[in-house]
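Enquirer: Sequence and predicted structure are below.
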Amino acid sequence: MTMTCWETVQAYAFRSLGYGENLLPKTDFTLCQQFTLIGSGMIWNIYFGALALLFGFFFANALALAKAAHSPWARKPAEWFIFVFRGSPLFIQFFIAYETLVLLPRAGVEVFGITVATSWMTKAWAGALFVLFLNTAAYAAEIFYGALQSIPKGDLEAAEAYGITGWQKFRRIQWPTMLRLGWPAYTNEAIFLFHATTLVFFASFPAFRQMGDALYYANYFADKTFNPFIPYPIVGFYFILLTLFVTWTFGLVNRRLNRHLPQNLKSRIRLRPNLIR
Amino acid sequence: MFAFCADPKAIEGLSWLTCYLTSSKHLDFYWSFATVLLLLVITAPAALAFGFGGATAARSPLLPARAFGKTYIAMVRGVPDIVFFMFFVIALDQGIEFLKSLAVCADHAWPWQGLEFRVCKEAKVPLATSDAFWHDAYGFTLAVVTFALVFGAFVANVLYGAMQAVPRAQLETAEAYGMSHGQVFWRILVPQMWIYALPGLGNLWMILIKATPLLFLLGVEDIVYYARELGGSKTQAYEYPHPDWRLWYFLALLCFYLLMTKTSEGVLKRLSARLSKGQATAAGEAMRKAAA
């Protein structure tokens, strides 16, 4: 039985979420199947990357401020957190998180008499997202901390001369300047976080019912056809599109952050490789 | 290893732990750390060489060389490197076997037939009859070449930027003294570029360290492989039965990596101070003022 390409798309476009045809193709692999299934897997890469970035952004701001704080009670934990997550491989972090989550009692943990289910935490959608969230928060915090340290002294003095102090100073001077200075580096972080999402299903977290990400399906096809020259370039193609989209979106924010500056002082986004973590 | 370890079921406590941690499987585990260090020691210079070649090609006045260099640099930007890792290991293996099959096989059939990759058995690398050691060595070599190719592209990017960062006036002065292209390149550009390249290269070294667990995905029996093997729960059928201890093994790996990155950070800091000496940079100027 051969399917037309449109039928293939209908059968497999949402396969990574568990909808459509249950059985993955076993023989007679077509280019259309590979494009559709790998594209379907991209849903997971986008899910992990987008949510980890969104939550991570807020946590990173808090961490950066804690690291810049005078009090060692705030500074030391932030420094250690950032060191541990930036100093070790993401791959190992996934393993450790998975093994820890598996150790939680199956039946759930009792908190104030209410049983909290734990099994969902060992699933990739929650567990891996949590690790990626902590990981990107650590990397972004270091970027924001660096930016916070390089705010021109004159800006802060000018703010004080105008009588802007405390929270107002932070909210209206420090924070926007920190974001503006750190944004090009943060754009790179975002791109490489999306790249890092391809590790999820290769580090402990099982792909439940063969619902995996783009690389999971590419690996499936490469294993079945013994031909790496088609599926991996397809993953590459999808990721180049994703990278362009991320660069564009972050470029819009960058433009807004720089909108008050004369043309020659605006910071531009440059891509720098910082791939594996 | 020790005499009192002859019957592990009869001992307990500290001596049990001593015997457990010196079992032959554990000694293999400790050796696998050497595999990781070996990978770093071979890959770093190889990637540096590839990167240097790539960056030089990207600056070349010849269009084909420039196009090649720029493509090599651009290759790793948009695509996750793990895709390259998975791709190159199979692609290199098949490429080698295909080329060998052209030389040694009687029939020259196209090897990608339907759902398999088929070459005659004389063309297998290593031969099916070879020692297990050669299979391991071949797998490891493929992994090293893959790492060097991917990291070479990162290095090329850094070195290309560093070459551009050397002040133009330095090169023009050398040309004014009548130096040839080669002389300007080797005597002026190359010695001066390292200080500009160092932050980027240091960053890449950290990334390389953190990329070594990917060896596991490439099928090499590295520290991650052994941590999973040894940590998994062992029933009474084993010499040393224990519950699932994988978490502890992975925490040990975490400490190993943190130690590696922390040490590297210290070394890089000193190297940077060393290279800044006498350079026309802010750091070099600060050192000059401190000495004066």
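Expert: Yes, it's here. None of these values were measured; they are calculated from a predicted model.
Enquirer: which element is the residue in the stretch 51-200 of chain A positioned nearest to chain B on?
Expert: Going by Cβ to the nearest Cβ, chain B is nearest to residue A:195 of the stretch 51-200 of chain A, at 3.6 Å. All C-beta atoms are positioned from the backbone trio N, CA, C, and that covers glycine. According to DSSP states H and E, residue A:195 maps onto helix A:175-196.
Enquirer: next SSE after that helix?
Expert: Following helix A:175-196 in sequence order, the next helix or strand is helix A:214-225 (DSSP H and E).
Enquirer: touching chain B at all, that next one?
Expert: Yes. Helix A:214-225 is in contact with chain B by Cβ under 8 Å from any Cβ of the partner chain, via A:215, A:218, A:219, A:222, A:224, A:225.
Enquirer: As TSV, those residues with neighbour count, distance to residue A:141 and pLDDT would be great.
Expert: Formatted as TSV, the residues of helix A:214-225 next to chain B follow (neighbours: other Cβ atoms under 10 Å in any protein chain shown; distance: Cβ to Cβ, whole Å; pLDDT from 0 to 100):
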residue	neighbour count	distance to residue A:141	pLDDT
A:215	28	27	91
A:218	28	32	91
A:219	22	32	90
A:222	21	37	88
A:224	16	42	86
A:225	19	43	84
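Enquirer: how about the helices in the chain?
Expert: Unless you meant another one, I'm taking chain A. Counting by DSSP state H, the segments of chain A that form helices are A:5-12, A:31-68, A:72-87, A:90-103, A:124-149, A:153-161, A:166-169, A:175-196, A:214-225, A:231-257.
Enquirer: look at chain B instead
Expert: Going by DSSP H, chain B shows helices at B:13-21, B:24-59, B:63-75, B:81-104, B:132-165, B:168-176, B:181-183, B:190-211, B:223-231, B:246-276, B:282-291.
Enquirer: Give me the angle between the second one and helix B:246-276.
Expert: Note on geometry: by axes from the mean of the first three to the mean of the last three Cα atoms, to 10 degrees, helix B:24-59 and helix B:246-276 are set 40 degrees apart in direction.
Enquirer: low pLDDT regions in chain A?
Expert: In the predicted model of chain A, residues A:1-2, A:106-108, A:264, A:268-277 satisfy pLDDT under 70.
Enquirer: tell me the contacts of residue 16?
Expert: Answering for chain A, as no chain was given. For residue A:16, the contacting residues are A:37, A:40, A:41, A:43, A:44, A:211, A:212, A:213, A:217, by Cβ atoms under 8 Å, 6 or more residues apart in numbering or on different chains.
Enquirer: sorry, should have said chain B
Expert: Residue B:16 neighbours (Cβ under 8 Å, 6+ apart): B:8, B:240.
Enquirer: 10 Å instead, please
Expert: Contacts were defined as Cβ atoms under 10 Å, 6 or more residues apart in numbering or on different chains; by that measure residue B:16 touches B:4, B:5, B:8, B:9, B:10, B:240, B:242.
Enquirer: what does the stretch 51-200 of chain B put close to chain A?
Expert: B:73-94, B:111-118, B:150-151, B:153-155, B:157-158, B:161, B:200 (Cβ under 10 Å from any Cβ of the partner chain).
Enquirer: which among those residues end up buried?
Expert: Applying a neighbour-count criterion of 16 or more other Cβ atoms under 10 Å in any protein chain shown, the buried members of these are B:73, B:75-94, B:111, B:117, B:150-151, B:153-155, B:157-158, B:161, B:200.
Enquirer: Pull out the CA atoms of stretch B:51-68 and give them to me as CSV.
Expert: Output in CSV follows, covering the C-alpha atoms of stretch B:51-68 (Å, rounded to 0.1, in the frame of the first residue of the first chain):
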residue,chain,number,x,y,z
GLY,B,51,40.7,25.2,12.4
PHE,B,52,43.9,26.8,11.4
GLY,B,53,43.5,25.3,7.9
GLY,B,54,39.9,26.4,7.7
ALA,B,55,40.7,30.0,8.9
THR,B,56,43.6,30.3,6.5
ALA,B,57,41.4,29.0,3.6
ALA,B,58,38.7,31.5,4.5
ARG,B,59,41.2,34.4,4.1
SER,B,60,42.7,33.0,0.9
PRO,B,61,42.7,35.2,-2.2
LEU,B,62,41.6,32.2,-4.2
LEU,B,63,37.8,32.0,-4.5
PRO,B,64,37.4,28.1,-4.3
ALA,B,65,39.6,28.0,-1.1
ARG,B,66,37.7,30.9,0.4
ALA,B,67,34.4,29.4,-0.4
PHE,B,68,35.5,26.1,1.2
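Enquirer: Okay, now the unreliable bits of chain B?
Expert: Within chain B, the stretches with pLDDT under 70 are B:1, B:77, B:114-115, B:280-281.
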